[in-house]
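Quick one: sequence plus predicted model below, questions after.
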Amino acid sequence: MSTASLTVSGLRVAYGRKVIVDDLSLPPLQPGTLTALVGPNAAGKSTLLRGIAGLVSGTRGQVRLGDRDLLAMSIPERAQHLAYMPQGLPGGVALTVMETLVGALRAVPTALAPDGASAAAHAIRVLQKLGIEHLAMRTLDRLSGGQRQLVGLAQALAREPAVLMLDEPTSALDLRHQVSVMALVRETVVRSGLVGVVVLHDLALAARFADRLVALSEGKVQADGTPTHTLTPDLLARVYQVEARVERCSQGHLLVLADAPLRGAA
Ligand SMILES: Nc1ncnc2c1ncn2[C@@H]1O[C@H](COP(=O)(O)OP(=O)(O)OP(=O)(O)O)[C@@H](O)[C@H]1O
């Protein structure tokens, strides 16, 4: 189990000359905790995640896991420490779910699977946890959007990297799967001491499962703290330009009720 925290300092992420995130720093993201990145469309959430994961060539600054600089590592070396799940798996892939999972495990020498047999056994266990073992022999191009998203999550979870980064892992999922997937992500992060970062649009889901919310707009951190401290009508007005209420349901979970766009907001 890793005990290293993830620190982001002075991060600048740009697509060519278009700077999306500039001089962004975050207090350490601790192992065994889940952080949700939230914010409106085009706020820079995916760009920040991809920048931290070292996937945007115009990235400057430091991303440290303990005392190691992830951005200074080669891609194979970084992949031993960090798994990143994009918003959508590429379409038109005719490999089976098992083939993609075993491939993902074999691509990382330090993953839990030293040989073919144990990679397959491990892959099946992860599929079972996500309730999709029946898809093991199906090809990716014949799955529904939600099923593909669950397979993408299985690929990231299977490796149990020190840093787990998921971009909108529930966007294509039905209600039951949204809750079960977030519970599994949280359980994995806590049990294995991972640094978990997840981009979410659903603020109630973020508040329920994340330890910390980082709200972004225009590439800048607008708030950072526990869900209870961060999710306020004032923040929702400032960041989302919406008049909204934050209430608690009968079970104590936070709920966000958006009443109306603020006047003058696009
Ligand atoms: N590959 C790219 N090349 C150029 N600009 C890009 C690229 N990807 C994203 N952008 C721009 O970067 C900005 C931030 O986009 P990003 O996808 O990071 O936002 P986001 O907060 O994840 O949005 P959403 O919630 O809509 O997914 C947007 O203005 C977008 O147009």
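It's in.

Would you indicate which residues of stretch 150-170 are buried?
150-170 (16 or more other Cβ atoms under 10 Å). Glycine gets a C-beta too; all of them are placed from N, C-alpha and C.

can you tell if that stretch touches the ligand?
No: figure legend: stretch 150-170 not in contact with the ligand (Cβ under 6 Å from any ligand atom); closest approach 7.0 Å.

what about that stretch, distance to the chain center?
7 Å (Cα atoms, centre = their mean, to the nearest Å).

What's the local residue count around A72?
12 (other Cβ atoms under 10 Å).

can you check R64 too?
R64, neighbours per other Cβ under 10 Å, totals 17.

pull the CA atoms of the helix or strand hosting it into PDB?
R64 is located in strand 58-65, with elements delineated by DSSP states H and E. What follows is strand 58-65, C-alpha atoms only, in PDB (Å, rounded to 0.1, in the frame of the first residue of the first chain):
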ATOM      1  CA  GLY A  58       2.300  21.300 -23.400                       C
ATOM      2  CA  THR A  59       2.300  20.600 -19.700                       C
ATOM      3  CA  ARG A  60       4.700  22.400 -17.300                       C
ATOM      4  CA  GLY A  61       5.100  22.400 -13.600                       C
ATOM      5  CA  GLN A  62       5.300  19.600 -11.000                       C
ATOM      6  CA  VAL A  63       3.200  16.600 -10.200                       C
ATOM      7  CA  ARG A  64       4.900  14.700  -7.400                       C
ATOM      8  CA  LEU A  65       4.000  11.400  -5.900                       C
END
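
Please name the strands paired to it in the sheet, noting orientation.
strand 6-15 (antiparallel), strand 68-69 (antiparallel) (DSSP bridges).

Would you list the phi and psi of G16?
phi 60, psi -120 (degrees, to the nearest 10).

Would you enumerate the residues in contact with it?
Shown in contact with G16 (Cβ atoms under 8 Å, 6 or more residues apart in numbering): G58.
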